[in-house]
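Visitor: with the input below, show me the fold.
(3 chains)
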Amino acid sequence: MEIGLNHYLVLSTILFAIGLVGVMRRKNLLLLFFATEILLNSVNIAFAAISHYYGDLTGQMFAFFVIAIAASEVAVGLGLLIVWYKRHGNIDLDTMSTMRG
Amino acid sequence: MFEAVAFYLFAFLTIAMFYIVVTTKQALYALTALAAGMIFISAFFFILGAEFLGAIQIIVYTGAVMALYAFGMMFFDTTRDVKEAQGNKFIITGLATLAAVLVVLIVSAPIISENITAYYPALPEVGNTQEVGMVLFTKYLVPFEVAAVMLLVAMIAGIVLAGKKMDLSITLMNDAEIHDMKIDQKLDQHKKVLS
Amino acid sequence: MEIYLYLALFSPLVGSLFAALFTTKSKTLVAGVVPSLLLFTSFVSSSILLVHILNGGAPVHVEMMTWMATGDLYIPFGFVVDQVSVTMMMVVTIVSTVVHVYSIGYMDHDKSFNRFFAWLSAFVFSMLILVMSDNYAGLFIGWEGVGLCSWGLIGFWFHKESASWAANEAFIMNRIADLGMLIGIFLVYWNTGSLQYDHVFEAFKGLDVDTLALIGIFLFIGAMGKSAQFPLHTWLADAMEGPTPVSALIHAATMVTAGVYLVVRSNELYSLIPEIGLFIASLGAFVAIFAASMALVNRDMKRIIAYSTLSQLGYMFAAAGLGAYWVALFHLMAHAFFKALLFLGAGNVMHAMHDELDPFKMGGLGKTMKATMVMMTLASVALAGLFPLAGFFSKDAILEAAFVEHHYVIYSVLLFTAGLTAFYSFRLVALIFHGEERYTLFGIHPHEAYKFMLVAMSPLLLLAIIAGSLKMTYFEMVTAILPDIEYHIHSHVTFWIMTIGTQLFVVIAILYAYKKYTTIGMNVPDGTSETENTFMYKLLKNQYYIPYAYDEYIVKPYTKLSALFWTEIDQKVVDATVDGIAGVIYDSGEQTRDMQDGNLSTMLRWMVIGTIALLILAVMFGLTARYAHVLG
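Guide: As a prediction, the model looks like this:
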């Protein structure tokens, strides 16, 4: 059975949906971060697959930069999380309501 | 045949791992499942012939990012039960499914696959890593340098943010000490505002 | 020569801006002196240009810069000094220089001294743009600038209800006419593709008569407003609310002549449509007698002079309508000098009489105000058209033109008006300067004006006397671009009978006015005498009930209609719609404010919903794009 581009795209979409579920239901910020990693990875799969099936390296380049961005996001995000935790003693989303109008 | 088997196997594994990530109540399980899922994803990259990307995936994600999370988790009280969103689970799942269906509709529509042409055709005579290097250091040189600077900035930001008051550890202090510390902080803030 | 053109044009602007710097300060003498000096510079430059033109020099034509260039439309800021515009420039700069100097004395005690000079110089600048522009667009800019400045000057004492009302009336009347003017300019552009005078006049020759007539009518509507021709004449008399130097400058010498200038400038257009010309001439003759009759009974010194201005404008239009453009322009010039003189003299009288305007409360002022009396008398003689003063030459030329063109009705109307003019001018002079000293009853001690004001007026006096002798020089100059028709009555006998007859008629009218208004114990009109209760007298006294009719049949229904629209349409439809939109937005904000509860989790959920909405849109657009040919 031949595996085509659409197979990869559907897989990527399913993973993306899982990530979305995580983003929406998680209250713990650390686990929310995990969910965003899932989102980024699902997109990377799509990029790599498209790159492969069309013989064009641009998709891989994009995936490469996405990884770089994800790494910096983790570094800064974790730093912020630690600062928050030191101030408030938890990393619960519901306690972060300073933006309430 | 081998490709199909590998695809379905890793697809199942990845989905399972990520499902655990978003549903488990234990942060440690989630971390472990995520790391596993990352490695399984790199398998797709190898299948797709993007060896360089696969290697990067394992090194950066599983090696660096997961390690960072692991260290980060040591600051937090992971023994507490992770609270989950109180909301209608059906709504959440429904929204996610709807989004997924729509994305599938869009990307699998013939209108896209018929209209894509290669800008930088892969060269069959050289290996993937060499190819990537050639494109990355010619066409994408500037983005590459920018990404490098961005990583440096992120590193410094991480150190500065997390490094404040490294000598204190809330996990090792008792409640009274934490309380005193918070009051001190508030006093400091008031002094800053007043001055 | 170009440098003189720019000097003449922009000196008043600099003066205006300079005076404007001081507008919030109390009286600063320099704010009056500097604009006057700059205006004098403008006058000198104009004189140099006049000498240049008189010596047969080519017209000075400059294109300062491009103003509008879009598609086929090309309008430059171009200025031209030719025989016609240099005449206007001389009139404007001489009269306004005199008025500026005079105003330094007249506005001496006014606390808005500086503001006055800012407006006055701005007015002169606008008028110069109007006369010097080489295209209709520039003329229109000057035209509107003149309107704006006259609004500021008529309403100069805006704390007076009547003054601000008069300013608004003048402005609105002019707007109505300017709409006609604008339509005319559009038609010109539409039919000729240009607004430059030389291109336009060239193109007119190839157009059919109907189009030309339409253009001529609409342009003339603009001229009617600015020159206060019937039925848009009411603003001119009310505009006397402004300071007297303003009346002298705007409502005698310069602004109201803009309409005449427009017709003279467009002479090549009106030559092609003699029917419209005849209409203009008839209207002019009608306005001449119409205004003169109202001046007969009026009891307001400045209004009498204003009506005489109106009447003289009628003369100018009569001449221009008959094709005697150079005569119209000549009368315009002569009239500017003696009418400005008359107004400035009236200003002196007002100062002496503490702003009293009713000549019946004056009398015998000649004893204390000899110089003013001499000047006003001479100006009135010039206005009446007695030999050898300026008015004789110009007015006689108009009468001859009407006679030679065989328009005997117009001729006789104008002749009769000449008698009326003489009568009311000398009624005024007699009432003010001769007879009983009625002012003693009101406890006023009149005094002569400042010396330098009288000196400033003297150039006008000189010009009012000698302008007639310049007729042939002038004629040779302007006929270079205006039709050079000389109006000669072939039979010598007829010529002499006409001239001497006219002169005798005028002299009799003057003597009658003197006799009637200098007798001791003359009846002061108080509403009891028999004449005052006749229908004619009442009709004239109430200005033919035209202001009343305007008020009753136009203003009041319009007010009612506006009130109706305000309550029914504006409030119930427009406001309700706007309020409704605001209300819907406000309510939806109230309803959806829970979305922004500050909880990141909720926000993330909304973000996902937003993403889904965008995806749905993308799918829909994709489907429409794909099946567009099926859907048609």
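
Visitor: can you confirm C:Ser458 is in a helix?
Guide: Yes. Applying DSSP: H, G, I helix; E, B strand; the rest coil, one finds C:Ser458 inside a helix.

Visitor: ok, it to C:Thr559 distance?
Guide: The gap separating C:Ser458 from C:Thr559 is 49 Å, by Cβ to Cβ, to the nearest Å. C-beta: built from backbone N, CA, C; applies to glycine.

Visitor: can you check C:Glu161 too?
Guide: Taken as Cβ to Cβ, the span from C:Glu161 to C:Thr559 is 17 Å.

Visitor: mind checking what helix or strand follows the lowest-mean-pLDDT helix or strand in chain B in sequence?
Guide: The helix or strand of chain B with the lowest confidence, counting by mean pLDDT, DSSP states H and E, is helix B:110-113 at a mean of 52. Counting by DSSP states H and E, the next helix or strand C-terminal to helix B:110-113 is helix B:128-136.

Visitor: helices and strands around that next one, which ones?
Guide: helix A:58-88, helix B:51-56 (3 or more Cβ pairs under 8 Å, 6 or more residues apart in numbering or on different chains; DSSP states H and E).

Visitor: nearest to C:Gly580, out of these?
Guide: Proximity to C:Gly580 (Cβ to Cβ) singles out helix A:58-88 among the helices and strands packed on helix B:128-136, at 45.5 Å.

Visitor: the closest one close to chain B?
Guide: Yes. Residues of helix A:58-88 contacting chain B under Cβ under 8 Å from any Cβ of the partner chain: A:58, A:60-61, A:63-65, A:67-76, A:78-83, A:85-87.

Visitor: what is that helix packed up against?
Guide: helix A:29-53, helix B:51-56, helix B:66-75, helix B:128-136, helix B:141-163.

Visitor: shaky segments in chain C?
Guide: Applying pLDDT under 70 to chain C picks out residues C:489-490, C:520-530, C:631-632.

Visitor: could I get the full set of strands for it?
Guide: Counting by DSSP state E, chain C has strands at residues C:60-70, C:73-81.

Visitor: which one of those strands lies closest to C:Ile581?
Guide: strand C:60-70 (35.1 Å).

Visitor: which positions within that closest one qualify as buried?
Guide: C:Val60, C:Val62 (16 or more other Cβ atoms under 10 Å in any protein chain shown).

Visitor: what helices or strands is that strand leaning on?
Guide: helix C:2-20, strand C:73-81.

Visitor: residues making contact with it?
Guide: Residues from elsewhere that reach strand C:60-70, judged by Cβ atoms under 8 Å, 6 or more residues apart in numbering or on different chains: C:1-2, C:4-6, C:49, C:52, C:74-82, C:134, C:137.

Visitor: which residues touch C:Tyr548?
Guide: C:Asn542.

Visitor: relative to chain A, how far out is it?
Guide: Between C:Tyr548 and chain A the computed distance is 63 Å (Cβ to the nearest Cβ, to the nearest Å).

Visitor: before we move on, back to that, format the helices and strands packed on helix B:128-136 as a markdown table; extra columns: mean pLDDT, mean neighbour count and distance to C:Glu590.
Guide: Output for these, formatted as a markdown table (pLDDT from 0 to 100; neighbours: other Cβ atoms under 10 Å in any protein chain shown; distance: least, Cβ to Cβ, whole Å):
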| stretch | mean pLDDT | mean neighbour count | distance to C:Glu590 |
| --- | --- | --- | --- |
| helix A:58-88 | 87 | 20 | 32 |
| helix B:51-56 | 89 | 20 | 51 |
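
Visitor: can you report how many residues neighbour C:Ala628?
Guide: Using other Cβ atoms under 10 Å in any protein chain shown, C:Ala628 has 9 neighbouring residues.

Visitor: same question for C:Pro243.
Guide: 23.

Visitor: same check on C:Leu313?
Guide: The burial count for C:Leu313: 30, using other Cβ under 10 Å.

Visitor: nearest residue to C:His335 in space, please, no chain neighbours.
Guide: C:Gln312 (5.0 Å; Cβ to Cβ, 6 or more residues apart in numbering or on different chains).

Visitor: got the contact list for that neighbour?
Guide: C:Gln312 sits next to C:Ala288, C:His331, C:His335, C:Lys339, C:Leu383, C:Thr421 when contact means Cβ under 8 Å, 6+ apart.

Visitor: can you pull out the helices in the stretch 301-450 of chain C?
Guide: Under the criterion DSSP state H, counting those that start in this stretch, the stretch 301-450 of chain C carries helices at the ranges C:301-321, C:325-352, C:370-384, C:390-404, C:408-433.

Visitor: looking at those helices, spot the one closest to C:Ile609.
Guide: helix C:301-321 (74.7 Å).

Visitor: starting at the chain centroid, how far to that closest one?
Guide: Relative to the chain's own centre, helix C:301-321 is displaced by 12 Å; criterion: Cα atoms, centre = their mean, to the nearest Å.

Visitor: thought C:Leu539 was touching C:Glu532?
Guide: No. Taking Cβ atoms under 8 Å as the definition, C:Leu539 is not a contact partner of C:Glu532, at 11.8 Å.

Visitor: circling back: and the helices and strands packed on helix A:58-88 as CSV, adding distance to C:Val409?
Guide: Shown next, in CSV, are the helices and strands packed on helix A:58-88 (distance: least, Cβ to Cβ, whole Å):
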stretch, distance to C:Val409
helix A:29-53, 95
helix B:51-56, 104
helix B:66-75, 107
helix B:128-136, 98
helix B:141-163, 91
